[in-house]
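>>> 3D, please:
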Amino acid sequence: MNKKIIVYMPALNEAKTIQKVLQSIPENIKGVQTITKLIVNDGSTDATEEEAKLAGATVISHGVNRGVGFAFQTAVNYALKEEADILVSIDADGQFDVNQISKMIQPIIDEEASFCIGNRFAEKRHEHMPKIKHWGNMQVNKIISFITKTKIKDASCGFRAYSKKSLINLNLHGKFTYTHETILDLINKGFKVEQIPVSVTYFEERKSRVANNVLSYGYKTLKIITKSLRDYKPFYFFGMISLIFFILALISGGFVLLHWILKERITPYKFIGISSLIVFLVSIIFLVLAFLADMLGRIRLNQEKMLLMLKQKKFNDD
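Sure, this is the predicted structure:
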């Protein structure tokens, strides 16, 4: 069956490269009948929009910079509205080889996977990627793998492909970046992922829109992951906090109890005894929160099912 695909690129001041990248996209891909080029112009102040249109792309412009996460949601809505079978996301700066698109979408065409993500680290760390950024990527991979119980090799890669079914089931909340949240959301809903080794060219002078500041990137990424852990594994999230406070209360309270048994008094550790009692009560509160959050998580799942039915009705999905 021939597929209709949309190749999407988020763009912020990419006028120098965007036309060349768009024109390099293959006109014919095996198993694909229609290829639409989509640019989400995310508040560019240069000639990005004009250059993209000259290359024959459809352009959706944000008046101001809203972030790649919001740009991706714009692309998802457009893909669903246009009834595309597959949405491919790739950078607009020529970092990735567009000839790899056929390899990226093949598992979806063959119905072997619902979405595919690129793996930039199939061989080794790229020389122009800073060591601290590479280390950060590896830590994020470990966290995402732990949450999803799936070995994720490159959670931050923006070169991806999504089936129509995965897109209509996708619900995102972060505007900063979508890469981690999409993996968490889709795998949590039972969608199969395929990880495709991809080649990438890093430009030494290139500054990432998302990771140009390591500390800021780390903070924002950790925030998204923490929220995802809270939403997808609420009992574990609050239960672990409860356990930490309980252990602290057990250690401090046990020390005071042992002193009382040996000395028949708690002085001079009265303050530690009172503190351990307070910490124990805090652990109980977080345990109660764990049960409540687990119940709310079930309600969220039911809400997402209703949202899915509304999306299916809106986008005429079977």
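>>> And the closest residue to Gly218 other than its chain neighbours, which helix or strand is it part of?
In space, Gly218 comes closest to Gly136 once its chain neighbours are excluded; the distance is 6.0 Å by Cβ to Cβ, 6 or more residues apart in numbering. Yep, even glycine has a C-beta here, placed from its N, CA and C like the rest. Taking DSSP states H and E as the definition, one finds Gly136 inside helix 131-148.
>>> can you check Ala52 too?
helix 48-54.
>>> And for Pro10?
strand 3-11.
>>> Toward the C-terminus, what is the element adjacent to that strand?
helix 18-24.
>>> Tell me the helices and strands packed up against that following helix.
Packed against helix 18-24 by the contact rule (3 or more Cβ pairs under 8 Å, 6 or more residues apart in numbering; DSSP states H and E) you find strand 3-11, strand 32-42, helix 48-54.
>>> contacts for that helix?
Helix 18-24 is touched from outside by 9, 11, 37, 39, 48, 51-52, 54-57, 92-94, 98, with contacts defined as Cβ atoms under 8 Å, 6 or more residues apart in numbering.
>>> Can you name the residues that contact the closest residue to Leu289 other than its chain neighbours?
Leaving aside its chain neighbours, Leu289 sits nearest to Phe238 (4.6 Å; criterion: Cβ to Cβ, 6+ apart). Counting by Cβ under 8 Å, 6+ apart, Phe238 touches Arg230, Phe286, Leu287, Leu289, Ala290, Ala293.
>>> My guess is the last one contacts Arg230. True?
Yes. Applying Cβ atoms under 8 Å, one finds Ala293 in contact with Arg230, separated by 7.4 Å.
>>> So if I had to pick from those two, which one is more boxed in?
Ala293 (20 against 14; other Cβ atoms under 10 Å).
>>> ok, back up a step: may I see the buried residues of the helix holding Gly136?
For helix 131-148, burial by neighbour count (16 or more other Cβ atoms under 10 Å) applies to Lys133, Gly136, Asn137, Val140, Asn141, Ile143, Ile144, Ile147, Thr148.
>>> Show me what that helix is packed against.
Partner elements for helix 131-148 (3+ Cβ pairs under 8 Å, 6+ apart): helix 179-188, helix 214-232.
>>> now the next helix or strand after the shortest one: mean pLDDT?
Counting by DSSP H and E, the next helix or strand C-terminal to helix 179-188 is strand 193-197. Confidence over strand 193-197 (mean pLDDT, whole number) is 96.
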